[in-house]
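Engineer: give me a 3D structure for the following:
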Amino acid sequence: MVRFLRPLIRGTTYTRLLHLWVPMLVVSVWALIDDTTLWVPAAVLVPIGFIPAVRTGEGVQARLLLTPDPEDSAFSVAPSATWRDRMRTVVWLELRMLLGVLTTGACVWLPIVSVELVRLALGYRIDDIPVLRDAATHWAYALLAPLPLLGLYGAVLGLGALATAGARTFLGPSAAERLAALEERTEQLLERTRIARELHDSIGHALTVAVVQAGAARTANSPEFTDRALTAIEETGRAALEDLERVLGVLRETERPLSARPTLADADRLLESARASGATVDAEVTGPVETLPGPVSREGYRILQEALTNVLRHAGTVPARVRVAVADGALTLEVCNALLDGRADPGRGSGLRGIRERAALLGGHAHTGPDGAGDWRVRVELPTG
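Structural biologist: Predicted coordinates for the structure are as follows:
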């Protein structure tokens, strides 16, 4: 019994009822003007349904009144973009009015029938309801009085559920909107992956430099070298904090401009950081690096950062060659370093995989591994078009 009556305490039951009553306001006004042409409001809904903004209004009402979750994505709140969406809106408006007529009739006449049954049981004659007009008065009619109220209860719940199902069908997202939502979700996942890479590259580089510098300072036993090492650690740590702030800014502000991220124009900072760690870095930059497209320049910076981090992490302070070239519609990044004992040790991290993934996302290629001359080489080619 409690379960049967539970819908009576749900707010959705009454908001659905309100949703179905709203169209009846127009019908009631028109009935005062001319009660012989009640089909006119239904006819007027046809051109109204073709207005793109009407679909937005209907979607907002459906979200607020038909479901307990106002953020329910089953209802679209975008204007009609195609004629198919306009036709679906017209059908929905007509269905909503039909359900409103049935709901209003049930809410008006079923309580009246219940009251008249009670009056009939008390000995009054019934003239307003044809079915009961010739009925003889009898106390047993009082036992039938709850039946119309149960019918009203079922009608309100059933018509509300039918209105919700109809709204999901005719106001639901179109195929184009579902595709756009899927693309947006994909972009969010890619953004999360990019943020993870940003943190890995930036913080990993800073920590690698700090570890190498601290180890070198401990073994050098030179106050002068220790002072340089601490300075390098401080500068690298400060740069890492700046990068971390940029990445966290992406999380806090979805509209934060990507131009705030470092590009290959800031590559000198990476090279100086590696040199300050004790490594000998021979760098050569050719071509108009400053004219590179934003995505290519930003990802190129991160690729170079990860490559230098791998040098320091796995080979230590060994000589390294860095080549950055922009020519013939492509950006070429190359980092080479000597292998320790002639053995390749790519490590267990995700740096090299990240380099390959970054290159693939931009339509480029990445080659990593021994080059046959006793060196480890990372070569990345990115199209600039």
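
Engineer: list the buried residues for stretch 13-29?
Structural biologist: Going by neighbour count (16 or more other C-beta atoms under 10 Å), the buried part of stretch 13-29 is 13, 15, 16, 17, 19, 20, 23, 24, 27. C-beta coordinates here come from the backbone N, C-alpha and C atoms, glycine included.

Engineer: excluding its backbone neighbours, what's nearest residue 124?
Structural biologist: Sequence neighbours aside, residue 137 is the residue nearest to residue 124 in space, at 7.1 Å (criterion: C-beta to C-beta, 6 or more residues apart in numbering).

Engineer: could you check the pLDDT of residue 98?
Structural biologist: Listed pLDDT for residue 98 reads 93.

Engineer: wait, residue 156
Structural biologist: Residue 156 is given a pLDDT of 93.

Engineer: can you list contacts of the host helix or strand of it?
Structural biologist: Using DSSP states H and E, residue 156 sits in helix 146-170. Helix 146-170 is contacted from outside by 7, 12-13, 16-17, 19-20, 58, 62, 66-67, 74-75, 88-89, 91-92, 95-96, 99, 102-103, 106-107, 110-111, 113-114, 117, using C-beta atoms under 8 Å, 6 or more residues apart in numbering.

Engineer: packing partners of the one helix or strand residue 64 maps to?
Structural biologist: Following DSSP H and E, one finds residue 64 within helix 52-65. Packing contacts for helix 52-65, counted by 3 or more C-beta pairs under 8 Å, 6 or more residues apart in numbering; DSSP states H and E, involve helix 11-33, helix 83-121, helix 146-170.

Engineer: in the longest one, what counts as buried?
Structural biologist: Residues of helix 83-121 classed as buried under the neighbour-count rule (16+ other C-beta under 10 Å) are 85-86, 88-90, 92-97, 99-101, 103-104, 106-107, 110, 113-114, 116-117, 119-121.

Engineer: and it, what does it pack onto?
Structural biologist: Judged by 3+ C-beta pairs under 8 Å, 6+ apart, the packing partners of helix 83-121 are helix 11-33, helix 40-49, helix 52-65, helix 130-133, helix 141-144, helix 146-170.

Engineer: over to the first one?
Structural biologist: Using 3+ C-beta pairs under 8 Å, 6+ apart, the elements in contact with helix 11-33 are helix 40-49, helix 52-65, helix 83-121, helix 146-170.
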